[in-house]
Every structure is written in C-alpha cells, then in structure tokens.
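Undergrad: structure, please.
(one chain, ligands or ions: 1)
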Amino acid sequence: MRIIVTGGAGFIGSHIVDAYLSAGHDVLVLDSLWEHGGGRRVNVPERANFVHMDIRDQGVMRIFQEFKPEIVSHHAAQHSVAISSRDPKLDADVNVMGMLNVLDASVKTGVKKVIFASSGATYGTPDRLPMSESTPQRPESPYGITKMVTEHYLRFYKNERGLDFTALRYGNVYGPRQDPNGEAGVIAIFIGKFLKREGVRIDWDGDQTRDYIYVKDIAQLNVLSLDKGSGGCYAIGTNTRTSVNDIYHSLVEISGFEAPITHGPKRPGDARDAQFDASLAKKDLGWKAQTTIRVGMRETYDYFKSLVPV
Ligand SMILES: NC(=O)c1ccc[n+]([C@@H]2O[C@H](COP(=O)([O-])OP(=O)(O)OC[C@H]3O[C@@H](n4cnc5c(N)ncnc54)[C@H](O)[C@@H]3O)[C@@H](O)[C@H]2O)c1
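TA: You can find the predicted model right below:
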C-alpha cells in the first residue's frame with residue numbers, strides 16, 4: 001500500500017515508518033521538523049520519501065495528488081500539554097486546522113483511511129481505573145481537548161465524506177528516539193541523566209503511576225490498524241501501572257549507577273494514576289502489548305548508550 005505518515009520524522013512516527021517499510025509498503029513522510037517537537041531528519045530511513053512541509057500548508061494537497069496514498073497515518077501534532085496550556089491557539093491551529101487540511105486532502109485524493117494518534121489525555125481525570133472506551137472523555141488541557149475534538153471530526157468525515165478512520169488513544173509511549181530533552185517521557189529524560197552520571201528530579205512523591213507502552217508495540221498496532229478497526233476509537237495501554245520510583249529503581253539496576261535524587265513539588269495538573277484496558281483493541285485489531293517494561297527499558301537504555309561517543 002501507499003502510505004503517508006505525517007509526523008514520520010518524530011519519535012513514534014519514525015517507528016511506524018520502519019514497521020510499514022518492513023511490511024513492504026511504500027511510505028512518504030510529511031513533517032515540518034518543528035523546533036519544539038521530537039522530529040529529526042535522521043529518523044527517516046533512506047527507503048522512505050521525505051517532504052519537509054507543515055501540515056497546515058496548502059501544498060499538502062499537491063503532495064497527496066502526486067503520491068496518491070491509500071492510507072494516512074496522522075502523527076504530526078503539537079504534542080506538549082505545557083505548550084498547549086500556554087498557547088491554546090497554536091495548539092488548535094496545528095492539531096485541529098492542520099488535521100482538517102490533511103483530511104480535506106485525503107478526501108479529495110481518494111484516501112481510504114486515516115489512522116490517528118489520539119491520546120489518553122482526552123480522558124482527563126477518570127472516576128475509576130482502568131480507563132477504557134466507556135470512560136467519559138473530560139480532557140483537562142487544550143492538548144487533550146484538540147485530540148478529542150479531532151476524533152469527532154473523524155466521525156464526521158467518515159459519515160459525510162466516506163473517509164474511514166481508526167483513532168488510537170495512546171497511554172505514555174516510550175522507547176528509542178524519544179527526545180530526552182523533552183517535557184514528556186520520564187524514561188527518556190531519566191536515561192539521559194543516568195548516562196551523563198547526573199542526578200534526577202522526582203516531582204511529587206514519585207509514587208504517581210502511568211501506563212508506559214513500548215514504541216515498537218505501538219508501531220505494530222499501526223500495522224494492524226491498516227485494515228482493521230473501521231470507525232473505532234481505542235484505549236491503548238498495557239493495563240499495568242508503573243511509578244516514577246519504579247522507573248528510577250529499574251534504571252539503577254540496569255545501569256549500576258545510583259543517580260542522586262532531588263525532589264520537586266507536584267506539577268500543576270499532574271494526574272495521580274493512569275492505566276488503560278486495551279481489551280477492545282485486542283478483540284477488534286488483534287493487538288496486545290508484547291513488551292514488558294523491564295525489557296523495553298533495557299532496550300531503550302542500550303539504544304541511548306549506543307549514541308554516547310566512546
Ligand atoms: N509520546 C506519547 O506518549 C504520546 C501519547 C499519546 C499521543 N501521542 C501522539 O503521537 C504523535 C507523535 O508523538 P511523538 O511523541 O512521537 O512526538 P514527536 O514530537 O516526536 O513527533 C511529532 C512529529 O510531528 C511533527 N510536527 C509537529 N508539528 C507539525 C506541523 N505543523 N506540520 C508537520 N509536522 C509537524 C514534528 O516535527 C514531529 O516529527 C502525536 O500526535 C502525539 O500527540 C504521543
């Protein structure tokens with residue numbers, strides 16, 4: 001199949017590109033290499049076409065007309081909760097207006113389906129865990145709001161314009177190529193510090209938990225979604241919770257370095273716990289997370305270590 005991956009130079013998108021290429025598909029990456037995102041030109045493999053372009057650009061239509069994709073995997077986004085809170089207009093411009101530009105180009109050029117990177121942030125603080133498709137979506141950040149709004153647009157485009165979709169509400173994704181300098185991704189940030197033999201900061205009491213999911217499992221999920229999950233929105237996670245303190249202790253074990261800890265206050269808006277039940281994704285898509293946090297963290301650590309000059 002011919003597939004456009006928006007945001008394919010980024011952390012998650014580039015693993016999806018790898019998986020699509022391995023499955024024998026033709027891939028074009030459309031990415032602006034946004035300075036505040038994790039997109040890097042080196043993340044895009046030789047075998048993929050690359051177009052350096054903003055998803056809001058009118059030129060998107062021309063790229064779609066020329067490449068004639070059957071599938072669009074939409075991963076380009078303003079992905080920072082903090083930036084979205086500071087600048088909700090920028091967040092909506094990229095995540096809503098940019099998305100609509102991609103959807104219009106998709107409809108006009110006969111794309112069959114859009115696979116969309118939604119987010120667990122669309123749920124806000126749930127009444128109970130684990131979160132699933134039946135959990136009410138009450139997003140608490142502009143980022144969570146735009147991700148939720150986009151799911152509604154996808155439904156509209158399917159019903160009114162015949163463009164199929166699958167929306168995947170990821171928990172906290174981690175793995176090789178995640179930006180260790182970013183605000184998201186405590187695993188990448190901690191590994192960066194451990195490798196530099198620096199201390200780490202643990203906010204709150206460190207017992208807050210997240211559902212961490214390995215990026216290669218997410219890539220496989222995007223392969224399965226190519227022809228399954230029509231019109232579905234799926235909660236995506238491992239259905240387990242890992243605390244910041246657990247991550248710290250695992251890294252001490254993996255690296256043999258006991259990084260000094262400083263403690264910080266609870267960050268505003270930080271949720272206590274997150275956990276996602278992906279039973280529906282298993283039933284509809286045949287997907288289940290395969291990688292334990294221990295194995296995933298070890299692979300991620302080894303990847304970042306291999307980048308350190310000797
Ligand atoms: N990382 C997570 O834990 C997580 C969780 C839930 C959802 N998501 C979603 O998954 C997707 C990928 O996230 P990521 O963590 O890989 O982030 P990332 O920053 O590494 O990737 C996003 C990519 O989008 C590109 N981009 C940003 N704005 C653009 C624009 N206007 N036009 C074209 N390209 C643009 C960036 O250059 C980057 O390559 C995003 O949609 C994000 O919201 C991520």
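
Undergrad: can you pull the residues of the stretch 101-250 of the chain lying near the ligand?
TA: 117, 119, 170, 172, 173, 184 (C-beta under 6 Å from any ligand atom). (Each C-beta comes from the backbone N, C-alpha and C, glycine too.)

Undergrad: so what's the second one closest to, chain neighbours aside?
TA: The one in question is residue 119. residue 147 (4.5 Å; C-beta to C-beta, 6 or more residues apart in numbering).

Undergrad: now swap in the first one and tell me
TA: Computed as C-beta to C-beta, 6+ apart, the closest residue to residue 117 that is not its neighbour in sequence is residue 75, at 4.6 Å.

Undergrad: okay but the one you found is in contact with residue 4, surely?
TA: No. Checked against C-beta atoms under 8 Å, the pair residue 75 and residue 4 is beyond contact range at 10.4 Å.

Undergrad: separation between residue 130 and residue 79?
TA: According to C-beta to C-beta, to the nearest Å, residue 130 and residue 79 sit 23 Å apart.

Undergrad: okay, those two: which has more neighbours?
TA: Neighbour count, other C-beta atoms under 10 Å: between residue 130 and residue 79, residue 79 has more, with 27 against 21.

Undergrad: what does the pLDDT read for the nearest residue to the more buried one once chain neighbours are set aside?
TA: Spatially, and ignoring its direct neighbours in sequence, residue 79 is nearest to residue 37 (6.5 Å; C-beta to C-beta, 6+ apart). Model confidence at residue 37, given as pLDDT, is 92.

Undergrad: ok, now the one 5 residues further on?
TA: Residue 42 is assigned 97 on the pLDDT scale.

Undergrad: doesn't it belong to a helix?
TA: Yes. Counting by DSSP: H, G, I helix; E, B strand; the rest coil, residue 42 is part of a helix.

Undergrad: what's around it, how many residues?
TA: By other C-beta under 10 Å, 8 other residues sit near residue 42.

Undergrad: repeat that for the one 10 residues further on.
TA: Here the count is done by other C-beta under 10 Å, and residue 52 has 12 residues near it.

Undergrad: now it, which residues is it bridged with?
TA: Assessed by DSSP bridges, residue 52 has beta-bridge partners residue 31.

Undergrad: got the contact list for the least confident helix or strand in the chain by mean pLDDT?
TA: Scoring the helices and strands of the chain by mean pLDDT, DSSP states H and E places helix 81-86 at the bottom, with a mean of 93. By C-beta atoms under 8 Å, 6 or more residues apart in numbering, the surrounding residues in contact with helix 81-86 are 36, 78, 90-91, 121, 141-144, 146, 183-184, 269.

Undergrad: close to the ligand, is that helix?
TA: No. Using C-beta under 6 Å from any ligand atom, helix 81-86 never reaches the ligand; the gap is at least 9.7 Å.

Undergrad: do stretch 52-60 as well
TA: Yes. Applying C-beta under 6 Å from any ligand atom, one finds stretch 52-60 touching the ligand at 54, 55, 56.

Undergrad: could you say which helix or strand holds the last one?
TA: So that's residue 56. Using DSSP states H and E, residue 56 falls within no helix or strand.
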